[in-house]
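> how would this look folded up:
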Amino acid sequence: QVQLVESGGGLVQAGGSLRLSCAASGLPFHAYNMGWFRQAPGKEREFVAVISWNGTSTHYSDLVKGRFTISRDNAKNTLSLQMNKLEPEDTAVYYCAASNFLSIDHTQMGDFGSWGQGTQVTVSS
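Presented below is the predicted three-dimensional model:
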């Protein structure tokens, strides 16, 4: 049974930083491209970032490029998202997900087959 468990969310002031983590189990984590998505109230879930199975390639949404960094530790089956210079517009529930594809060019929700339960990030102005 695949389990993806996010943690690290919370309340932070604009300009601050947070680091999200996603602990994976029940799948060969090292073999999967992994991604982060987010969903703000009243909005559709949107792509944030994706990282290749070996950590050598990444791709970001234009909304977070230069502020967020995705990384992974295959030895610990852990995915991370370092979020800097946070803005109120970054307020959302953040989800980690495992991709069904070998290429990190796939960034649609339907391209990801396993999801965590999400962690809330709130950025105050």
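
> How many residues are close by residue 71?
When neighbours are counted by other Cβ atoms under 10 Å, residue 71 registers 14. All C-beta spots, glycine's among them, are computed from the backbone N, C-alpha and C.

> which residue ranges form the helices in the chain?
For the chain, no helices are identified by DSSP state H.

> ranges for the strands of it?
With DSSP state E, the ranges of strands along the chain come out as 3-7, 10-13, 18-25, 34-39, 46-51, 58-60, 68-73, 78-83, 92-99, 112-115, 119-124.

> Sheet partners, orientation included, of the shortest one?
Spelled out, it's strand 58-60. Strand 58-60 has the following strand partners under DSSP bridges: strand 46-51 (antiparallel).

> What sits closest to the most centrally placed residue in the chain if chain neighbours are left out?
Closest to where the C-alpha atoms of the chain average out (Cα atoms, centre = their mean) is residue 36, at 2.1 Å. The shortest distance from residue 36 to any residue other than its chain neighbours is 4.2 Å, reached at residue 48 (Cβ to Cβ, 6 or more residues apart in numbering).

> re earlier: between the strands of the chain, which gets nearest to residue 105?
Proximity to residue 105 (Cβ to Cβ) singles out strand 58-60 among these, at 7.4 Å.

> What's the mean pLDDT across that closest one?
Averaging pLDDT along strand 58-60 gives 98.

> if I read this right, residue 102 contacts residue 50, doesn't it?
No. Using Cβ atoms under 8 Å, residue 102 is not in contact with residue 50, being 11.8 Å away.

> rewinding a little: quick one: which of the strands of the chain is nearest residue 106?
Residue 106 lies closest, by Cβ to Cβ, to one member of those: strand 92-99, at 6.1 Å.

> Just want the angle from that closest one to strand 78-83.
Angle between the axes of strand 92-99 and strand 78-83 is 140 degrees (criterion: axes from the mean of the first three to the mean of the last three Cα atoms, to 10 degrees).

> What pairs with strand 92-99, parallel or antiparallel?
Counting by DSSP bridges, strand 92-99 is paired with strand 34-39 (antiparallel), strand 112-115 (antiparallel), strand 119-124 (antiparallel).
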